[in-house]
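# I'd like to go over a predicted model; first the sequence, then the structure.
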Amino acid sequence: RIAAISVAGRVAQERGQSIGKEVGYQVRFERAVGPDTRLIFLTAGVMLRKIQEDPTLRGIGCVILDEVHERDVNTDFVMLALKQVLLAGSTKAKVVLMSATLQAETFVQYFGDVTETLAEAGIQRPDGHVEGAK
């Protein structure tokens with residue numbers, strides 16, 4: 001909850017905008033999105049509800065799950081729901097799993113035939129720049 005709100009705020013600030021314009025967030029009882037919002041930060045629970053309400057993920061071009069190595073029940077349910085949606089072929093949305101310490105093979109095996117793997121390694125400097133990433 002706090003992560004979704006704070007990261008959305010940071011991204012909006014870096015883009016020189018206020019929350020709810022192109023960058024927004026949605027958590028259980030609160031949302032800041034508008035008609036021009038193109039990037040929405042969600043909690044796992046909200047994402048799971050979105051998948052259940054519309055398995056085609058209409059209007060969603062990409063779902064990014066960050067820090068997937070930090071496993072919890074909600075994230076596991078989101079990955080299960082996304083796997084089912086991808087296997088059914090009911091969406092054109094891309095799914096991106098990210099983590100600084102990702103064991104890619106675990107997720108490649110889990111997602112099976114719907115998997116296209118791209119791994120980029122880099123070394124993050126204290127200023128946030130990643131050396132070697134493309």
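Done, it's in.
# dig out what the residue nearest the centre of the chain forms beta bridges with.
Nearest to the geometric centre of the chain sits Ile64, at 2.3 Å (C-alpha atoms, centre = their mean). For Ile64, the beta-bridge partners under DSSP bridges are Val96.
# tell me the contacts of it?
Contact analysis of Ile64 by C-beta atoms under 8 Å, 6 or more residues apart in numbering lists Val95, Val96, Met98. To be clear about C-beta, it is placed using only N, CA and C from the backbone, and glycine gets the same treatment.
# would you format those as JSON lines with pLDDT, distance to Tyr110 and neighbour count included?
Output for the contacts of Ile64, formatted as JSON lines (pLDDT from 0 to 100; distance: C-beta to C-beta, whole Å; neighbours: other C-beta atoms under 10 Å):
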{"residue": "Val95", "pLDDT": "88", "distance to Tyr110": "12", "neighbour count": "20"}
{"residue": "Val96", "pLDDT": "86", "distance to Tyr110": "15", "neighbour count": "11"}
{"residue": "Met98", "pLDDT": "83", "distance to Tyr110": "15", "neighbour count": "11"}
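# ok, so of these, who is nearest Arg71?
Met98 (14.0 Å; C-beta to C-beta).
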